[in-house]
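*Asks:* When you get a sec, could you give me coordinates for this:
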Amino acid sequence: MRLALLCLTLATSLSAADLVLPPLTEQDPQPGKRAAITTTEYAGTKVHHLIALPDDWTPDWKARGKSWPVIAEYTGNYFPTSGSTGEIEGAALGYGVARGKAIWIVLPYVAKDHQKNEITWWGDIDATVSYAKTNIPRICAEFGGDSKRVVLCGFSRGAIGVSFLGLHDDEIAKLWCGLWAHDHFDGMLEWKGHPWGSPLARYREEASVRLRRLAGRPLLVSQAGAETRRFIDALAPSGVTYLTVDMRTHFGTFPNELAQHPHNDRWALRDGPATSIARAWFEGVTATNKTAK
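*Replies:* A predicted model of the protein is given here:
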């Protein structure tokens with residue numbers, strides 16, 4: 001059943017309770033920290049992902065019969081105007097809903113030379129898609145992620161990537177129980193100079209094929225304009241939630257202590273009406289009684 005467009009204009013004051021991203025560590029994954037992981041396939045390179053384990057994670061999770069929902073994330077392009085570094089270490093959107101209650105993973109875009117993470121666009125598309133296919137199941141098996149409760153989210157470039165990468169083929173599409181795109185969407189704008197993103201008519205046709213792979217699973221789209229809603233509604237007639245975040249009301253002026261520009265992924269770190277809805281959406285999508293795919 002379609003949920004109504006949510007327009008939020010309630011004020012939120014500057015908060016000392018803003019979430020703080022877990023500190024980075026060079027140690028193995030652990031609760032309360034972000035660990036950088038280089039997989040065996042990319043040993044000797046700088047290609048890596050980040051993982052932060054839930055606050056109640058312990059190594060004996062299997063014996064305890066524990067498992068956790070997972071939120072995986074693709075971050076934005078290198079774009080200094082908005083404060084986006086293009087690096088996975090700069091990601092924040094997924095942690096705004098994970099909050100130490102879920103496994104949070106930030107996935108890389110594998111550069112074309114396979115030696116580093118790409119900070120602008122997709123790098124090697126096939127390698128980037130393959131990375132998720134290999135490592136999402138691996139992380140679930142190793143750390144207790146529930147493979148039936150994995151959500152993919154993304155900001156800006158990552159919002160496009162939620163569909164462009166996350167629904168790239170049938171195999172990767174099956175990894176997710178829900179998707180969340182913030183500030184952009186696959187197929188809406190022509191990206192000239194990039195063969196995957198132009199001309200617009202072909203790009204939009206290919207994006208339509210990808211979106212159909214959603215197959216009725218929940219989709220949250222925040223900051224979607226009217227054209228984006230029409231495009232999605234024509235292809236995904238159920239299970240879509242639209243969320244409008246009034247950034248000026250949410251933050252006040254820009255730049256501020258949390259975000260440099262209205263185009264940002266930091267808003268989910270601050271309590272407010274929009275944040276509450278995004279968190280409730282994630283909790284509903286990953287509820288244990290909704291694990292069937």
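*Asks:* Remind me which helix or strand the closest residue in space to residue 235 that isn't next to it in sequence belongs to.
*Replies:* Distance criterion Cβ to Cβ, 6 or more residues apart in numbering; nearest residue to residue 235, sequence neighbours excluded, is residue 211 at 4.6 Å. Backbone N, C-alpha and C define where each C-beta goes, glycine included. Take DSSP states H and E as the rule and residue 211 turns out to sit in helix 200-212.
*Asks:* And that helix, what's buried?
*Replies:* 203, 204, 207, 210, 211 (16 or more other Cβ atoms under 10 Å).
*Asks:* on that earlier part again, contacting residues around the residue nearest to residue 235?
*Replies:* By Cβ atoms under 8 Å, 6 or more residues apart in numbering, the contact set of residue 211 is 163, 167, 186, 187, 232, 235, 236.
*Asks:* Look at the most centrally placed residue in the chain and give its secondary structure.
*Replies:* Among the residues of the chain, the smallest C-alpha distance to the mean C-alpha position (Cα atoms, centre = their mean) belongs to residue 153, namely 2.0 Å. Per DSSP: H, G, I helix; E, B strand; the rest coil, the local secondary structure of residue 153 is strand.
*Asks:* Contacts only, for it.
*Replies:* 71, 72, 73, 74, 93, 94, 97, 162, 179, 180, 181, 182.
*Asks:* So which of the residues you listed belong to helices?
*Replies:* Among these, the ones falling in helices (DSSP state H) are 93, 94, 97, 162.
*Asks:* helix/strand/coil for the closest residue to the first one other than its chain neighbours?
*Replies:* With Cβ to Cβ, 6+ apart as the criterion, residue 93 has its nearest non-adjacent residue at 4.1 Å, and that residue is residue 265. Per three-state DSSP, the secondary structure class of residue 265 is coil.
*Asks:* Tell me how far residue 265 lies from residue 59.
*Replies:* Distance, residue 265 to residue 59, using Cβ to Cβ, to the nearest Å: 31 Å.
*Asks:* With neighbour numbers in mind, choose between those two.
*Replies:* residue 265 (28 against 11; other Cβ atoms under 10 Å).
*Asks:* Please tell me how far that one sits from residue 219.
*Replies:* For residue 265 relative to residue 219 (Cβ to Cβ), the value is 18 Å.
*Asks:* picking that back up, now do the helix holding residue 211: distance to the chain's middle.
*Replies:* When distances are taken as Cα atoms, centre = their mean, to the nearest Å, helix 200-212 is centred 20 Å away from the chain's centroid.
*Asks:* Parallel or antiparallel, which strands does the next helix-or-strand element following that helix pair with?
*Replies:* As assigned by DSSP H and E, the chain's next helix or strand after helix 200-212 is strand 219-222. Take DSSP bridges as the rule and strand 219-222 pairs in its sheet with strand 178-182 (parallel), strand 240-245 (parallel).
*Asks:* Reformat the ones you listed as TSV; add mean neighbour count.
*Replies:* Shown next, in TSV, are the strands paired with strand 219-222 (neighbours: other Cβ atoms under 10 Å):
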stretch	mean neighbour count
strand 178-182	26
strand 240-245	21
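*Asks:* got the contact list for the closest residue to residue 45 other than its chain neighbours?
*Replies:* Of all residues not flanking residue 45 in the chain, residue 115 sits nearest, at 4.8 Å (Cβ to Cβ, 6+ apart). By Cβ under 8 Å, 6+ apart, the contact set of residue 115 is 45, 46, 47.
*Asks:* wait, is the last one part of a strand?
*Replies:* No - according to three-state DSSP, the state of residue 47 is coil, so it is not within a strand.
*Asks:* which one of the buried residues of helix 200-212 sits closest to residue 134?
*Replies:* For the buried residues of helix 200-212, the minimum distance to residue 134 (Cβ to Cβ) is 20.1 Å, reached by residue 210.
*Asks:* Would you check that that closest one makes contact with residue 163?
*Replies:* Yes - under the criterion of Cβ atoms under 8 Å, residue 210 makes contact with residue 163 at 5.1 Å.
*Asks:* Overlap in contacts, those two.
*Replies:* Residues touching both residue 210 and residue 163 (Cβ under 8 Å, 6+ apart): 186, 187.
*Asks:* where does the stretch 151-293 of the chain dip in pLDDT?
*Replies:* Along the stretch 151-293 of the chain, segments meeting pLDDT under 70 span 289-293.
*Asks:* again, only this time at 50
*Replies:* 291-293 (pLDDT under 50).
*Asks:* Tell me where the stretch 101-250 of the chain has helices.
*Replies:* 125-143, 157-164, 170-173, 200-212, 226-235, 247-251 (DSSP state H, counting those that start in this stretch).
*Asks:* Distance from the chain centre to stretch 30-40, please.
*Replies:* 17 Å.
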